[in-house]
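Participant: Show me the folded form of this:
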Amino acid sequence: MSLICSMMLEVLRQDYIMTIWYRVLSEKVIIARHTFNNALIPIVTPIGLQVPTLIKGTVIIKKIFSLPGTG
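Facilitator: The predicted structure follows:
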């Protein structure tokens, strides 16, 4: 939770977010459309890199042990 919070605070300090605040958009729109999406990029990237490894491990376990229902 702290990683998401720190990334949100970092994105909120960016210049383009300040420009959006000056356009007087609602706070919900700023956080939902602009801030949250950009804050998730560094969090989702490692997850995307780990998924193929997990799938590969499942296939190897299935081949070696021939356990039904594991793949």
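Participant: does the most centrally placed residue in the chain belong to a helix or a strand, and which?
Facilitator: In the chain, the residue lying closest to the centroid (CA atoms, centre = their mean) is V44, at 2.9 Å. Using DSSP states H and E, V44 sits within helix 36-65.
Participant: Kindly report the same for P68.
Facilitator: If you go by DSSP H and E, P68 is not part of any helix or strand.
Participant: burial of the nearest residue to I20 once chain neighbours are set aside, as a residue count?
Facilitator: Of all residues beyond its chain neighbours, the one nearest I20 is I30 (5.4 Å), with distances taken as CB to CB, 6 or more residues apart in numbering. C-beta here means a position set from N, CA and C on the backbone, and glycine is covered the same way. Applying other CB atoms under 10 Å, we find 16 residues neighbouring I30.
Participant: For stretch 35-49, list every residue counted as buried.
Facilitator: For stretch 35-49, a neighbour-count test (16 or more other CB atoms under 10 Å) marks 35, 38-39 as buried.
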